[in-house]
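**Q** I need the structure of the sequence given here:
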Amino acid sequence: MRLYCIAVVTSATAFTSVVRAADLHVCKLSSDRKTVAVLVSNPYAQETHCTVNCHLILPGEGIRSESISCAKTVPAGAKEFELCTRTRENGAYVRVSSDSNSECIKPLAQEKDDDADDDEKLADEMQKKSQEMLRSLQKK
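**A** Numbers count the residues shown, from 1 in each chain. Now for the predicted structure:
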């Protein structure tokens, strides 16, 4: 299991969070705005590899930002699994950007099951159309 960012243990502080409904991740900014916790939920019934990119706005003039990317294997069905935390040593973050995103790889077995379901559905549709064609030909 590889972790692509440095995990830092932080004291228990209150967190505010930004959640995008379309995604499976949460980038939680601590109340002192110096620490961000990167969390992800695995929607699959099998463990899978997930990546989260949190984009944070920095103080100062203009648009200044910093990105934190974390990736690792996430247990099956995990909710808000912590991928990593990152603490800013020189200053605080302003806020989490709405451009943050995530991705979890669809497990291979899940893909095979979905393909089998699609094949079965297609076969049913083809059979139904064939029966309709036969009926229309018999009427003529």
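**Q** contacts and neighbour counts: CA atoms only from here.
**A** OK.
**Q** helix or strand for R135, just tell me which one.
**A** Assessed by DSSP states H and E, R135 sits inside helix 108-139.
**Q** pLDDT below threshold where in the chain?
**A** The chain contains residues with pLDDT under 70 at 1-23, 109-117, 140.
**Q** domain parsing for it?
**A** Annotated domains of the chain cover 1-105, 107-140 [automatic domain parsing].
**Q** which of those is buried the deepest?
**A** domain 1-105 (a mean of 17; mean count of other Cα atoms under 10 Å).
**Q** distance of S69 relative to L24?
**A** 14 Å (Cα to Cα, to the nearest Å).
**Q** apart from its chain neighbours, what residue comes closest to K79?
**A** With Cα to Cα, 6 or more residues apart in numbering as the criterion, K79 has its nearest non-adjacent residue at 4.3 Å, and that residue is S41.
**Q** in this structure the one you found contacts F81, no?
**A** Yes: the pair S41 / F81 is scored as a contact, 6.0 Å apart, by Cα atoms under 8 Å.
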